[in-house]
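A.B. asks: Okay, sequence plus prediction incoming.
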Amino acid sequence: MVRKLKYHEQKLLRRLELVSWEAAGGSLAEVKALRRYRLGRREDYVRYKALARSVRALAGRLRDLGPASAAFRARCAAALLEKLYGLGLVGSRRSLAACESLSAAAFCRRRLPCLLVKLRMAQNLRHAVTFVEQGHVRLGPEVVTDPALLVPRAMEDFITWVDASRLRQKVLDYNQERDDFDLAA
């Protein structure tokens, strides 16, 4: 037997729809991935899983094409591999098998904070996420404040500190590369 709800409990439950309630927990692997890659939103990981699933399905369909459409299969497979290699999701342009084993973790590894750790601009992901959110990092000429930004392979070389960043000044001081002109500014 369930007790009768108090007034303030009824008031809170008015806005809650229990019929279309979405599970907030997810699986254990999903929670581990959210913690490991410091994902702020679960929806990002769900989107990465869906993208990886669609790429795997597309690679499977290309593999299953008959010998009559070998030229079409080769052309589409090359275009898919080129696109995924440009995004940095696969390591080589040679094999379609790399597309069939694509996971959501590959998308997570291309996020800006993960690349900051890879480039040794941050010690760990927690600091990298903080640096990005506080506006210390730029990608090309633009300051980036969204840690969910996926960086393509071509833009990976353009990740730098913002000119007015205190972190950039500390790094330059440590390496003894700070210019006198920068001191006046």
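C.D. replies: Received the coordinates, thanks.
A.B. asks: helices and strands around the top helix by length along the chain, which ones?
C.D. replies: In the chain, taking DSSP state H as the definition, the longest helix is helix 42-63. Packing partners of helix 42-63 (3 or more C-beta pairs under 8 Å, 6 or more residues apart in numbering; DSSP states H and E): helix 28-36, helix 70-87, helix 97-100, helix 104-109. (C-beta placed from N, C-alpha, C; glycine too.)
A.B. asks: any idea which of these is most buried?
C.D. replies: Of all those, helix 104-109 carries the top mean neighbour count, a mean of 20, counting by mean count of other C-beta atoms under 10 Å.
A.B. asks: Downstream of that helix, the next helix or strand is which one?
C.D. replies: helix 112-118 (DSSP states H and E).
A.B. asks: Buried residues, that next one. List them.
C.D. replies: Within helix 112-118, the residues that qualify as buried are L112, P113, C114, L115, L116, V117, counting by 16 or more other C-beta atoms under 10 Å.
A.B. asks: In contact with the first one, which residues?
C.D. replies: Put plainly, it is L112. A128, V132, V137, L139, V144, D146, P147, L149, L150, V151, I159 (C-beta atoms under 8 Å, 6 or more residues apart in numbering).
A.B. asks: Buried among those residues? Need that as a selection in PyMOL.
C.D. replies: Buried residues within those, by 16+ other C-beta under 10 Å, are selected in PyMOL with:
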select buried, resi 128+132+137+139+144+147+149+150+151+159
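A.B. asks: Sort out which one of the contacts of L112 lies nearest K4 for me.
C.D. replies: Lowest distance from K4 to the contacts of L112 (C-beta to C-beta) belongs to P147, with 45.5 Å.
A.B. asks: Where does the closest one sit: helix, strand or coil?
C.D. replies: Three-state assignment for P147 (DSSP: H, G, I helix; E, B strand; the rest coil): coil.
A.B. asks: wait, it sits on V129?
C.D. replies: Yes - look at P147 against V129 with C-beta atoms under 8 Å: they come within range, at 4.9 Å.
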